[in-house]
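> Got a sequence here, can you model it:
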Amino acid sequence: MTYGEFLRMFPTNQACLDYLRDKFYPAGSECPSCHKATKFHHVKGRSAFACQYCRTQVYPTAGTIFHKSTTNLQLWFYAIFLMSSTRCGISAKQLEREIGVTYKTAHRMFKQVRSMLQDDDEPFSGEVEVDETYIGGRAKWARGGSKQARGERDKTVVFGAAQRGHNGSRGKIKATVVPHNDAASLIPQVRSKVLPSTMVFTDELRSYHGLEGLGYGHQRVSHSTKVWVNGDAHTNTIEGFWSLLKGGLGGVYHSVSTEYLQDYVNEYCWRYNHRDDDRPMFWTFLDRVTKSRPQLAL
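Presented below is the predicted three-dimensional model:
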């Protein structure tokens, strides 16, 4: 989707508001007050639409990520367009420069949009690759002049599961920030994201040793001995996603706090899982705009 196409569809704030009206209150939908099939007409000077019979007013932005925002609705749509048009996303600083808002506003907009980018929790089956990665800066100098070891002691652990594609389809990714890389942190993630009797492929990390006893098929590859593929056993798919995630975080955002890391991980999982959508990702983003609760103004 090009910028010109975006402008033709959403040239004004009213066009964006009309889109939300058609999404939540299309012609012929039931009025929440008089319960008649009706059309909702715009109320001049307000972001509200009134029932043609009882004049009850509804607000398309109420209960959505746009709720009570003083930022122009077209700027919200343009921010979504920018986020969806890049492969690795854009930073809040770039959004600040692009649309002319403060950094605080841009950061809030990004946080709100990212809150929508979560896929369903249906567990994987078939063949699934499981791995963990470590997100963070270089190790810092510790007391006594010795450098800390690389790994979870100075980085944040992210668990990931990649479902391999079948019958011509491409697989999907689930990833979660976890406290540690021990069995107590990783095994519950496998059980929540992967169905029993699934064939699970991992590296030689000892934390995964109990999978067979839990009803999973389990094959390993020994990365420590530089064995990357052994028959069907490999973790190349999930490691390819880790490369995309780390490249995006380092290249676009430079650094990410542990507090918000899960939001960024969700965004990259969403992009990966919807990379083969037939229509522009902008529409996939807009499809996620929902109402968390009904709001009426009588």
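
> Every contact and neighbour count from this point should use C-alpha atoms.
Noted.

> where exactly do the helices run in the stretch 51-200 of the chain?
Assigned by DSSP state H, counting those that start in this stretch, the stretch 51-200 of the chain shows helices spanning 73-85, 92-99, 103-114, 183-193.

> what is the orientation angle of the longest one with helix 92-99?
Compare the direction of helix 73-85 with that of helix 92-99 by axes from the mean of the first three to the mean of the last three CA atoms, to 10 degrees and you get 130 degrees.

> just the third one next, same as before
With the same axes, to 10 degrees as the basis, helix 103-114 and helix 92-99 are set at 100 degrees to each other.

> picking up where we left off before, most neighbours per residue, which of the helices of the stretch 51-200 of the chain?
Across the helices of the stretch 51-200 of the chain, the average number of neighbours (mean count of other CA atoms under 10 Å) peaks for helix 73-85, which reaches a mean of 20.

> about what we covered before: could you redo the helices of the stretch 51-200 of the chain as JSON lines and give each row distance to Phe6 and mean pLDDT?
Putting the helices of the stretch 51-200 of the chain into JSON lines (distance: least, CA to CA, whole Å; pLDDT from 0 to 100) gives the following:
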{"stretch": "helix 73-85", "distance to Phe6": "8", "mean pLDDT": "94"}
{"stretch": "helix 92-99", "distance to Phe6": "15", "mean pLDDT": "91"}
{"stretch": "helix 103-114", "distance to Phe6": "18", "mean pLDDT": "92"}
{"stretch": "helix 183-193", "distance to Phe6": "37", "mean pLDDT": "95"}
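
> Mind putting those helices into CSV with distance to Phe241?
Formatted as CSV, the helices of the stretch 51-200 of the chain follow (distance: least, CA to CA, whole Å):
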stretch, distance to Phe241
helix 73-85, 18
helix 92-99, 23
helix 103-114, 19
helix 183-193, 17
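
> Roughly how far does Lys2 sit from Tyr19?
I think there's a mix-up here, since residue 2 is Thr and not Lys. For Thr2, the distance to Tyr19 equals 19 Å [CA to CA, to the nearest Å].
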